[in-house]
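Asker: need a structure here:
(one chain, ligands or ions: 1)
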Amino acid sequence: MTYQANGSWPDGTSGAVLERSAVIDLEAIRHNVRVLTAVASPAQLMAVVKADAYGHGAIQVARAALQAGASWLGVAHISEGLALRAAGIDAPMLAWLHTPESNFAAAVAAGIDIGVSGWELPQVVAAARAQQRPARVHLKLDTGLGRNGCTIEKWDSVVGEAVDYQDQGLLRVVGVFSHLAVADEPHRPETDQQLAAFREALAIASDAGVDLEVRHLANTPATLSRPDTHFDLVRVGLGLYGLSPFEDQTSAELGLRPAMTVRTLLSNCKTVPEGQGVSYGLNYHTPSDSTLGLIPLGYADGVPRVATGGPVRVNGVNYPVVGRIAMDQMVIDLGPDAERSAGGSLIGAEAVMFGDGSDGGPTADDWARAAGTINYEIVTRISPRVPRSYVNELPLDAAVTGSAPQKAAR
Ligand SMILES: *Cc1c(COP(=O)(O)O)cnc(C)c1O
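Answerer: Numbering: from 1, shown residues only. The predicted model follows:
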């Protein structure tokens, strides 16, 4: 079922998606991919669709991103990649976060490239033997983030081990990559240090005889602010979804369009006297006779419980949430005359938690500020209880399941 771009629903539709939904505009995704591929060019773009595409729906986003010119897909877990393959998506794909229980054999069988820090190599090779097919591996160096990737000290030996396996025909080292720690703060010096370490690692790999398809380092903020980090491929997550990674720049300033709108309908609306306490703890009391609107979204839906004050738009006005956010619901204070000026009951009126902000409505950035977090977390944590619906979906075509589209010469 698809929520129509004009805000109406096909006749006869009913049910959960009408009451409460995260509406994903796939044209916004395609627009963002076009903007970002142009920024990254001549480097190619990997659409990072881990965590169900930051809450937007991995399969739909992956298809839209490939249609708009992304060449690769990136996920954290092999299981996420297998779900995309099961949906018939056969674009180049990389998974980079594993444990000894990860299903490397399934990854090899499904043609999913494996990011490795070093410890995985014997298991990956065992999987390749079992599948009688060489694994495709991207070696990951920790250039300073302190998370995944091999240390600089061990890089030589990990490269050597991988080349040995490659010589035995058990794997192919097709990529070298690393991840940046502070690219969202472009003035900080550590990005230069990480870049220098990355270049050194590439030289070592090259000396060892590795013939790479792709070298990749940049995430969204580096793609937008550091062309010297682009190499052959940029790994873009947040930007696909139209959100800004920078504290001091909005989506609109970056030419990006937020793709997710979380909207619902008012569950209740009633006039109360001055001094009415609101929600658990009674931390808010109406300052005068007023109208309380009940929003059927709470922390079980992914609204952060700490985000009291976050805005909800009803009838063209943004109202802050008052009182505590509960598991299923939260409350806005519409003021004394809300229903009179609306010309009747507001029960069932549309309430938008966040959207693209183009009409002055609330954004994921507003909720991030209210919750003391980042926009990444706001969209990603919208829970499965909120049904996703899609607008502007294009029909499947050859570009989706075929090999990556080639970038036209500019
Ligand atoms: C999540 C992730 C990305 C994408 O980061 P954005 O800031 O969302 O663009 C890129 N690379 C790796 C390794 C990641 O884990």
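Asker: what about the closest residue to Glu120 other than its chain neighbours, neighbour count?
Answerer: Take Glu120 and drop its neighbours on the chain: the residue closest to it by Cβ to Cβ, 6 or more residues apart in numbering is His98, 5.7 Å away. To be clear about C-beta, it is placed using only N, CA and C from the backbone, and glycine gets the same treatment. Applying other Cβ atoms under 10 Å, we find 22 residues neighbouring His98.
Asker: model confidence for His98, exactly?
Answerer: Looking at His98, its pLDDT reads 98.
Asker: pretty sure it is touching Ala127, no?
Answerer: No. Counting by Cβ atoms under 8 Å, His98 does not reach Ala127; the two are 11.1 Å apart.
Asker: which residues do those two both contact?
Answerer: Phe104 (Cβ atoms under 8 Å, 6 or more residues apart in numbering).
Asker: which one is the spatially most central residue of the chain nearest to, not counting chain neighbours?
Answerer: With distances taken as Cα atoms, centre = their mean, Tyr54 lies nearest the centre of the chain, 3.0 Å away. Among residues not flanking Tyr54 along the chain, Thr380 sits closest, at 4.7 Å (Cβ to Cβ, 6+ apart).
Asker: who's in contact with the one you found?
Answerer: So, once contact is read as Cβ under 8 Å, 6+ apart, Thr380 ends up touching Ala51, Tyr54, Gly55.
Asker: name the nearest of those relative to the ligand.
Answerer: Distance to the ligand across the contacts of Thr380 (Cβ to the nearest ligand atom) is lowest for Tyr54, with 7.2 Å.
Asker: hmm, the closest one is touching Leu238, no?
Answerer: Yes. Between Tyr54 and Leu238 a contact is recorded at 7.1 Å, counting by Cβ under 8 Å.
Asker: shared neighbours of the two, anything?
Answerer: With contacts taken as Cβ under 8 Å, 6+ apart, Tyr54 and Leu238 have Tyr376 as neighbours in common.
Asker: the stretch 101-250 of the chain: helices as residue ranges?
Answerer: For the stretch 101-250 of the chain, the helices defined by DSSP state H, counting those that start in this stretch occupy 104-109, 121-131, 152-167, 190-207, 220-225.
Asker: helices or strands up against the fourth one?
Answerer: Meaning helix 190-207. Packing contacts for helix 190-207, counted by 3 or more Cβ pairs under 8 Å, 6 or more residues apart in numbering; DSSP states H and E, involve helix 152-167, strand 171-177.
Asker: of the helices of the stretch 101-250 of the chain, flag the one that's most buried.
Answerer: Among those, ranked by average contacts under mean count of other Cβ atoms under 10 Å, first place goes to helix 220-225 (a mean of 24).
Asker: what is the burial count for the residue in the stretch 251-400 of the chain that the ligand sits nearest to?
Answerer: Distances between the stretch 251-400 of the chain and the ligand by Cβ to the nearest ligand atom are smallest at Tyr376, namely 6.5 Å. Neighbours of Tyr376 under the rule other Cβ under 10 Å: 19.
Asker: now name the helix or strand holding it.
Answerer: Using DSSP states H and E, the element containing Tyr376 is helix 375-380.
Asker: okay, now the sheet partners of the helix or strand that comes right after that helix, with direction.
Answerer: Per DSSP H and E, the first helix or strand lying C-terminal to helix 375-380 is strand 388-391. Note on strand 388-391: by DSSP bridges, its sheet partners are strand 20-25 (parallel).
Asker: which ones are touching the residue in the chain that the ligand sits nearest to?
Answerer: Residue nearest to the ligand within the chain: Gly237 (2.6 Å; Cβ to the nearest ligand atom). By Cβ under 8 Å, 6+ apart, the contact set of Gly237 is Val48, Val49, Lys50, Tyr54, Gly74, Asn219, Thr220, Tyr376.
Asker: related to what we said a few turns ago, which of the contacts of Thr380 are close to the ligand?
Answerer: Among those, no residue sits close to the ligand (Cβ under 6 Å from any ligand atom).
Asker: which residues of the stretch 201-350 of the chain lie near the ligand?
Answerer: Remark: the part of the stretch 201-350 of the chain in contact with the ligand comprises Asn219, Thr220, Arg235, Val236, Gly237, Leu238, Pro245, using Cβ under 6 Å from any ligand atom.
Asker: at 8 Å instead, please
Answerer: Residues of the stretch 201-350 of the chain lying close to the ligand by Cβ under 8 Å from any ligand atom are Asn219, Thr220, Pro221, Thr223, Arg235, Val236, Gly237, Leu238, Gly239, Leu240, Pro245.
Asker: just these: which are in strands?
Answerer: When DSSP state E defines the strands, the subset of those inside them is Arg235, Val236.
Asker: ok, so of the residues of the stretch 201-350 of the chain next to the ligand, who is nearest Pro189?
Answerer: The nearest member of these to Pro189, counting by Cβ to Cβ, is Pro221 at 15.2 Å.
Asker: distance-wise, check that closest one relative to Ala183.
Answerer: In this view, Pro221 and Ala183 are 4 Å apart by Cβ to Cβ, to the nearest Å.
Asker: between those two, which contacts overlap?
Answerer: Pro245.
Asker: residue ranges with poor pLDDT in the stretch 301-410 of the chain?
Answerer: 397-410 (pLDDT under 70).
Asker: would you map the helices across it?
Answerer: All helices of the stretch 301-410 of the chain, identified by DSSP H, counting those that start in this stretch, fall at 338-342, 364-371, 375-380, 398-401.
Asker: just put these in a markdown table and tack on distance to Val61.
Answerer: A markdown table is the format used below for those (distance: least, Cβ to Cβ, whole Å):
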| stretch | distance to Val61 |
| --- | --- |
| helix 338-342 | 36 |
| helix 364-371 | 16 |
| helix 375-380 | 12 |
| helix 398-401 | 12 |
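Asker: many thanks, we can stop here.
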